[in-house]
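>>> Sequence plus predicted model, see below.
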Amino acid sequence: MDMEKHPGPAPASSEGCLVAAVRMPVRIVALVVVVPVRLVWDALVTAGRFLCAKALVPLGRGVGLLLYWVLVWPLVQLARGLAFLGRVLVVVPLAWLYARVLAPVGRALAVVLAWVGRALFVWPWVRLWRHVLVPMGRGVGRLFRQFAAGVAALGRILLVVPAVWLYARVLTPLGHAIALLVTGIGSGIGWLAAALYRYLLTPLGRGALAFVRWILVLPALALWRWVLLPVGRALGVLLREIGEALGVAWRVAGYVSLAVGRFLGILLRRILVEPVRWVYRSVLTPVGHVVRDRLWRPAARVVRETLGAVRATVRQVRADVRRALFGPGRPPEPLVTEVREPEDAQGRTLGSSTAVSTGSSATALTKTAFIKD
């Protein structure tokens, strides 16, 4: 979002005749050129969106799924199988070997080597350090301290005292004299430089500046003020008007493209969609219902009955052929189970005191049911 406040267009009273003469032809030409371009652009955008949504995206998803199931999934399963095989055949045996064999052997070797190292290296060096090197070092340190004290006293007498006397009596007066001499020379050079700047360099610089001003600056200023600035202003007005005309033409072309699209949509719906919908609702649907109710369902019923009769005939023929080839088979023995119920079981009906005899009838019904099963 543009948060800056752009200045609005200048009022009509402040515009010159050049702006009024350029604006209308430029806008007309821009409108004539831009409207077809905008129509073609909108058509291409709509076609591209439809193609991308209806063809490219499903095709890409299908190709992605195909590549996944053809390449990625087998490779993943192969990698998992190899990883499991490597773990079972390599990692687990190596871990067991390290934990059960190498680690205990390494700890035992470390303990043995530690004791051997202490016996062979540490304890002799400790004895040598404690009973030989430490007393020897203490004696050498005392001797070195005495020698250093003597050397320091000798150096003080032979070097420090003469150097202090030389600095105080010779170098300090000589340095004061050299400083005074350098100060005088510096003052003279500074006065000479000031005089040279005031009486020679300043007039030369002013003359050079005046020469450059009259030869270069004033002609360049006149060229900028009277030639380049008016030409730039005219070009700026022309470019601004062309840009505004293109913007107006692009917006107008958008409105025209929207209206053309809506008109084509309405025309397509009136010419194609609504007649097809009317034909489907008013003609095809009743005809389909009639065909379904009067033709398809009776035909299906007839076909089902025919197929049932054919199946029954085939079963009968197959049974006749089997009977002719192998003879009549022995009928299966009926499965009868003993029903342990009293012969004279009686029951009462609800709402009355009369008894209903159910003994023999219940037994007969049960035997009949088992025989049928």
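Noted; the coordinates are in hand. Computed from a predicted model, the values in this text were never measured in an experiment.

>>> Tell me the spacing between Arg318 and Ala95.
Separation of Arg318 from Ala95 (Cβ to Cβ, to the nearest Å): 68 Å. (Glycine included, C-beta is placed from N, CA and C.)

>>> no wait, Val182
Distance from Val182 to Ala95, by Cβ to Cβ: 85 Å.

>>> just Thr313 next, same as before
74 Å.

>>> Only the buried residues of the lengthiest helix in the chain, if you could.
Ranked by residue count and defined by DSSP state H, the top helix of the chain is helix 229-268. For helix 229-268, the neighbour count (16 or more other Cβ atoms under 10 Å) marks Val237, Glu241, Ile242, Ala245, Leu246, Ala249, Trp250, Val252, Ala253, Gly254, Val256, Ser257 as buried.

>>> Which other helices and strands does it contact?
For helix 229-268, the packing partners by 3 or more Cβ pairs under 8 Å, 6 or more residues apart in numbering; DSSP states H and E come out as helix 17-51.

>>> Next SSE downstream of the helix it packs on?
Where DSSP states H and E defines the elements, the next helix or strand beyond helix 17-51 is helix 57-67.

>>> what's that next one packed up against?
Of the remaining helices and strands, none touches helix 57-67 by 3+ Cβ pairs under 8 Å, 6+ apart.

>>> show me where the stretch 151-300 of the chain has helices.
Under the criterion DSSP state H, counting those that start in this stretch, helices of the stretch 151-300 of the chain are mapped to 161-166, 172-196, 202-212, 218-223, 229-268, 274-279, 285-290, 297-326.

>>> Among those helices, single out whichever gets nearest to Val126.
When the helices of the stretch 151-300 of the chain are compared by Cβ to Cβ, helix 161-166 sits nearest Val126, at 49.8 Å.

>>> how about that closest one: buried residues?
Buried residues in helix 161-166 (16+ other Cβ under 10 Å): none.

>>> re the thing from before, kindly reformat the helices of the stretch 151-300 of the chain as CSV containing distance to Val122 and mean pLDDT.
Output for the helices of the stretch 151-300 of the chain, formatted as CSV (distance: least, Cβ to Cβ, whole Å; pLDDT from 0 to 100):
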stretch, distance to Val122, mean pLDDT
helix 161-166, 53, 85
helix 172-196, 63, 87
helix 202-212, 86, 86
helix 218-223, 92, 89
helix 229-268, 91, 85
helix 274-279, 104, 90
helix 285-290, 106, 89
helix 297-326, 103, 83
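
>>> so how far is Ala47 from Val63?
From Val63 over to Ala47 the distance is 22 Å, taken as Cβ to Cβ.

>>> one step back: return the member of the buried residues of helix 229-268 nearest to Val170.
Once Cβ to Cβ is applied, the member of the buried residues of helix 229-268 that ends up nearest Val170 is Val237, at 86.7 Å.

>>> Would you mind stating the distance between that closest one and Val231?
Counting by Cβ to Cβ, the gap from Val237 to Val231 is 11 Å.

>>> Ala222: how many residues sit nearby?
When neighbours are defined as other Cβ atoms under 10 Å, Ala222 has 10 of them.

>>> same check, this time on the one 4 residues further on
By other Cβ under 10 Å, the residues close to Trp226 number 9.

>>> so what pLDDT did it get?
Looking at Trp226, its pLDDT is 90.

>>> what does Val22 give?
Predicted confidence (pLDDT) for Val22: 67.

>>> Repeat that for Glu4.
pLDDT, Glu4: 41.

>>> Nearest to Ala153 among the helices of the stretch 151-300 of the chain would be which one?
Between Ala153 and these, the tightest spacing by Cβ to Cβ is seen for helix 161-166, at 11.5 Å.

>>> Could I have the CA atoms of the closest one written out in CSV?
C-alpha atoms of helix 161-166 as CSV (Å, rounded to 0.1, in the frame of the first residue of the first chain):
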residue,chain,number,x,y,z
VAL,A,161,76.1,6.3,37.0
PRO,A,162,78.0,7.4,33.8
ALA,A,163,74.9,7.3,31.7
VAL,A,164,73.0,9.6,34.2
TRP,A,165,75.9,12.0,34.3
LEU,A,166,76.1,12.1,30.5
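
>>> what's the spacing between that helix and its chain's center?
Distance of helix 161-166 from its chain centroid, counting by Cα atoms, centre = their mean, to the nearest Å, is 81 Å.

>>> which residue is nearest the centroid of this structure?
The centroid of the chain falls nearest to Gly64 when counting by Cα atoms, centre = their mean (17.6 Å).

>>> I'd like the helices of the stretch 151-300 of the chain as CSV, with distance to Arg142 appended.
Shown next, in CSV, are these (distance: least, Cβ to Cβ, whole Å):
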stretch, distance to Arg142
helix 161-166, 29
helix 172-196, 42
helix 202-212, 79
helix 218-223, 90
helix 229-268, 96
helix 274-279, 122
helix 285-290, 126
helix 297-326, 128
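
>>> hmm, back to that, ok and the longest helix of the chain relative to helix 17-51, angle-wise?
40 degrees (axes from the mean of the first three to the mean of the last three Cα atoms, to 10 degrees).
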